[in-house]
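[1] Predicted model, plus sequence, below.
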Amino acid sequence: MLYKEIHIGSFIKERVDENEITMERICKFLDIDEGAVEGMYTSRSIDADLLLRWSKLLEYDFFRLYSSHLILYAPPAAPNKNQQKSDKIPYFRKNIYTQEIKEFIMKRILSGEMTQSDVIKEYSIPKSTLHRWLQKSDING
């Protein structure tokens, strides 16, 4: 399962290999030595600022892996009307399901791995949203 366990170093290494980025370019861009780069490839997690720099270098949003994990495995709690909202950090009104998330869910349903009810319970995806995805899948598939 792509989003369940995230080993960010291996995702970065895969993207580096796909784009055939040289070690010299990586070291220069990130201002680190080869040993540090190799260490990152084996690391399960990376500092956010460094991950942002990797995202720019490799032209890939690595943060989306974590957002997808949150959408699938840690759905937001029911809103608490008594909670104070801070003006200092942004709040997002609703989940935005990426195409990758939709494909992941649809694949699990269409393969018989999960039922619609399983998906609704496991990932807290609204029934109407799932129904809409299924309808579009029937039209396009």
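    Sure thing, it's come through. Numbers count the residues shown, from 1 in each chain.

[2] need the next SSE after whichever helix or strand Ile26 is part of, C-terminal direction.
    Using DSSP states H and E, Ile26 sits within helix 23-30. Going down the chain from helix 23-30, the next helix or strand is helix 34-41, by DSSP H and E.

[3] between that following helix and helix 23-30, how many degrees?
    80 degrees (axes from the mean of the first three to the mean of the last three Cα atoms, to 10 degrees).

[4] By mean pLDDT, point me to the weakest helix or strand of this structure.
    helix 127-140 (a mean of 79; mean pLDDT, DSSP states H and E).

[5] Which elements pack onto it?
    helix 99-110, helix 116-123 (3 or more Cβ pairs under 8 Å, 6 or more residues apart in numbering; DSSP states H and E). To be clear about C-beta, it is placed using only N, CA and C from the backbone, and glycine gets the same treatment.

[6] Kindly reformat these as JSON lines containing mean pLDDT and mean neighbour count.
    Formatted as JSON lines, those follow (pLDDT from 0 to 100; neighbours: other Cβ atoms under 10 Å):
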{"stretch": "helix 99-110", "mean pLDDT": "86", "mean neighbour count": "15"}
{"stretch": "helix 116-123", "mean pLDDT": "87", "mean neighbour count": "14"}
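
[7] is it possible to export those to a markdown table including distance to Lys13?
    Shown next, in a markdown table, are the helices and strands packed on helix 127-140 (distance: least, Cβ to Cβ, whole Å):
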| stretch | distance to Lys13 |
| --- | --- |
| helix 99-110 | 19 |
| helix 116-123 | 28 |
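
[8] List the contacts of stretch 15-29.
    Contacting residues not belonging to stretch 15-29 are listed as Asp33, Glu34, Val37, Arg53, Leu57, Leu58, Glu59, Tyr60 [Cβ atoms under 8 Å, 6 or more residues apart in numbering].

[9] which of those residues count as buried?
    Val37, Arg53, Leu57, Leu58, Tyr60 (16 or more other Cβ atoms under 10 Å).
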